[in-house]
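Colleague: Here you go, sequence then predicted model.
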Protein chains: 2
Amino acid sequence: MSEALVIRKLKAGAPEFDRQLEELLSWEGVSSKEVQNSVDEIIHQVRQEGDQALLALTQKFDRHPAESFAELEISQDQLREAFESLAPARRDALKAAAERITRYHEKQQQESWQYREADGTLLGQQIMPLDRVGVYVPGGKAAYPSSVLMNVLPAKVAGVKEIIMVAPAPEGELNPLVLGAAWLAGATRMFALGGAQAVAALAYGTESVPAVDKIVGPGNIFVATAKRAVFGKVGIDMIAGPSEILVVCDGQTNPDWIAMDLFSQAEHDEDAQSIFVTWDPAYLEQVEASIQRLLPTMERAEIIRTSLQERGALITVASEQEALEMINRIAPEHLELSVEDPQKWLPEIRHAGAIFMGRYTAEAVGDYCAGPNHVLPTSGTARFSSPLGVYDFQKRSSLIFCSPEGASELGKIAGELADGESLTAHARSARYRVKD
Amino acid sequence: MSEALVIRKLKAGAPEFDRQLEELLSWEGVSSKEVQNSVDEIIHQVRQEGDQALLALTQKFDRHPAESFAELEISQDQLREAFESLAPARRDALKAAAERITRYHEKQQQESWQYREADGTLLGQQIMPLDRVGVYVPGGKAAYPSSVLMNVLPAKVAGVKEIIMVAPAPEGELNPLVLGAAWLAGATRMFALGGAQAVAALAYGTESVPAVDKIVGPGNIFVATAKRAVFGKVGIDMIAGPSEILVVCDGQTNPDWIAMDLFSQAEHDEDAQSIFVTWDPAYLEQVEASIQRLLPTMERAEIIRTSLQERGALITVASEQEALEMINRIAPEHLELSVEDPQKWLPEIRHAGAIFMGRYTAEAVGDYCAGPNHVLPTSGTARFSSPLGVYDFQKRSSLIFCSPEGASELGKIAGELADGESLTAHARSARYRVKD
């Protein structure tokens, strides 16, 4: 434990830097052929045999003692009892978090709109919630009640009426915090199911599990592979890679704080990534010293050590401008801007899942209770995707209502373009509405 | 040609109806193992050999006469010349369509927002465009300039700076209407590439083709399979199935109009689906008579015949209410509400890609120039997805900026919840910011 940690230190602009950074960031969540075949087989089995396949697979993979499928459904009473069994301080913390998360997500509500053109033609967009969604909650060693809140509450705010939660119960055991959070957040049904079989059940439905319209929530490689396979039949959120943080500091924050913020990411698992960037080389040394001093005091020291050694980095850049370039290049899931005036940085930040601004904003408060979602785009996917939000549980329908005059004018244009595409039924259908 | 068409007539509520409807709607766009393996191999080749692989594959699959990769890039001058070579009436129609599509999509702009809590903590959401997107435009028999407008313009409105378009050029031939539309819409670069190799090039980049952040646009089974494979490395839009329409009529519209609207969907290809619903059995007979009478007059009569026989249906329901239930059950890509007061139906319609309201609104005007996008969720995926829009080319970053007071309060809650998850670095990181 007292052995010094070796964490890579890089200097932007050095001859090998670009290659080193690319290696550091490279992550490909490819499923092996074996995993793919096994997932395909499980999906096939669940589609063919429904509940019976689910029961058999759950007995096998989760060593669940259930003897009938009915035992795998967790009733609302069980959820409520789990919530009520929690220590009051923890229950209050969960409630405070749920309230803040709800309040933030309410700001993401989208409104339907319509407008009318001069000739009376009406155009618009109607927003509706999804009917039914599935939320996958991982079980096993790390069961996170915060993930329950972060996945269920946005669906609730969006107006989704049925929220079906699944979580594996190894040996039949479920975490009461997870059950309590499910009750607090308002999951409408819950099943003790996990792995590819849970995803297959949600996507295709069985006698007991209703088919949903979209599946969200993180999971292991089997869950991720199953989600990719059922994408199209149902909607899915992103397929998440390991969690990562980029902390940028101007050298004026207590270095222990920075070290602990890096640890809080690294403690998730060995693949998690913590990167630190500063333009103050002396300060970088201070942060490293804090890391070395604090590491042995951590409960998950070995996970943190492996994560920092294998995937972490301390990077010196030449200037604030170069730090900005680094941010946009990395497109981090979590970005901590531990700087004097973080607001001024915002317009230049093109890619980041969540931005934690100023010295007082630890990423950990965002994980639990600040309000914004902690389900964020990983592995550079912030280049094209967003935090989980209310918008993920709603969809739009375009509205077109032509007045007779509008239909006549548009019919001429459409007819001309349909001729160009040799689609004559299109042309005639449009021209039927053209006035003589 | 004069042989009568046999189109299935169903009656909602009849004993076999549920099963018949399910069969009618079932569509699984599954790729065979052969297609998957071939796509995997092509992606691997493009990642390994870049431009050289692209050139070889394009020579092979498209029988393109190019002798160097450089010949596969279409210059901006070539695009402009193509536009200028178009007949004035067609050019004007394209321009009018582009203008209307732009105006509608501008209403989809999303604004960044921030709000401050009582203790000074700031929360918000920042919206940014994607840096670079790829637009796939199918070539071959059906080359659609309208698809170019519908895919490129929302990206433009979103603020995307680089829009890379690809379209296969069989025998080296490209459609001047497609090139002209690309110039009008503002594609920034274009390559004569198609198939899985084009998707691989856009996802991973080569010496000449820049890697993009998201790939949109329809394509054949190879393109769809490649998009599914690269999903996660880049964003993708939906994987589209065959196009379909549901026309609902109260019996007061000219039946020829309805027949032609059904044809305009059916003429796309043999797999396209046209379904008609009414609660007026006598009117259903009139529509069928129009279909039989008009079919022989159509240029694409054979495609329409096959589509209507294999995938079409005329359905009688008992009431308006049952028609509404049918709509939500089918979740059609295109919904035509050829009824007296379509506005009154809207609040009950939960699932539809685009809603064409009233007797004058032919779906064909929506395909070309009404304004809303014609890239719509197919095969019931309107249950969980939306028309292509400006929102597909933007993403969000969450903002959290704690005041010292806010950090102290939130730190206590986060600490309590982190204890519950046994994440001690999270707890300490949050508690560092708690005031004594």
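Modeller: Good, I have the coordinates.
Colleague: can you tell me if stretch A:114-123 touches chain B.
Modeller: Yes. Applying Cβ under 8 Å from any Cβ of the partner chain, one finds stretch A:114-123 touching chain B at A:115, A:121-123. Heads up, the C-betas are built off the backbone N, CA and C, glycines and all.
Colleague: Turn these into TSV, including secondary structure.
Modeller: Below are the residues of stretch A:114-123 next to chain B laid out as TSV (DSSP: H, G, I helix; E, B strand; the rest coil):
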residue	secondary structure
A:115	strand
A:121	coil
A:122	strand
A:123	strand
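Colleague: Surely residue A:315 is within a helix?
Modeller: No. Checked against three-state DSSP, residue A:315 lies outside a helix; its state is strand.
Colleague: before we move on, the earlier item: compare the residues of stretch A:114-123 next to chain B and tell me which has the most neighbours.
Modeller: residue A:121 (24 neighbours; other Cβ atoms under 10 Å in any protein chain shown).
Colleague: correct me, but it touches residue A:408?
Modeller: No. Using Cβ atoms under 8 Å, residue A:121 makes no contact with residue A:408, being 10.4 Å away.
Colleague: tally of neighbours for the residue of the stretch 101-250 of chain A found nearest chain B?
Modeller: Per Cβ to the nearest Cβ, residue A:235 is where the stretch 101-250 of chain A lies closest to chain B, at 3.8 Å. Residue A:235 sits with 23 neighbouring residues when counted by other Cβ under 10 Å.
Colleague: At the geometric centre of chain A, which residue sits there?
Modeller: residue A:375 (3.1 Å; Cα atoms, centre = their mean).
Colleague: what ranges do the helices span in the stretch 201-350 of chain A?
Modeller: A:221-230, A:255-266, A:281-294, A:301-311, A:320-330, A:342-345 (DSSP state H, counting those that start in this stretch).
Colleague: how about low-confidence regions in the stretch 201-350 of chain A?
Modeller: For the stretch 201-350 of chain A, applying pLDDT under 70 flags no range at all.
Colleague: Chain B contacts on that one?
Modeller: Counting by Cβ under 8 Å from any Cβ, the stretch 201-350 of chain A sits next to chain B at A:213-214, A:228, A:231-232, A:234-235, A:238-239, A:254, A:256-257, A:260-261, A:263-264, A:266-268, A:298-300, A:304, A:342-343, A:346, A:349-350.
Colleague: pLDDT wise, what is residue A:98 at?
Modeller: As predicted, residue A:98 sits at a pLDDT of 97.
Colleague: Give me the three-state assignment for it.
Modeller: Going by three-state DSSP: residue A:98 is helix.
Colleague: who's in contact with it?
Modeller: By Cβ atoms under 8 Å, 6 or more residues apart in numbering or on different chains, residue A:98 lies in contact with A:149, A:153, A:184-185.
Colleague: and those as CSV, adding secondary structure and neighbour count?
Modeller: Shown next, in CSV, are these (DSSP: H, G, I helix; E, B strand; the rest coil; neighbours: other Cβ atoms under 10 Å in any protein chain shown):
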residue, secondary structure, neighbour count
A:149, helix, 26
A:153, helix, 26
A:184, helix, 24
A:185, helix, 25
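Colleague: Please name the nearest non-neighbouring residue to the residue nearest to the centre of chain A.
Modeller: For residue A:375, ignoring the flanking residues on the chain, the nearest one in space by Cβ to Cβ, 6 or more residues apart in numbering or on different chains is residue A:388 at 3.7 Å.
Colleague: Next one, pLDDT for the one you found please.
Modeller: Residue A:388 is given a pLDDT of 97.
Colleague: and it, how far is that from chain B?
Modeller: To chain B, residue A:388 is 10 Å away according to Cβ to the nearest Cβ, to the nearest Å.
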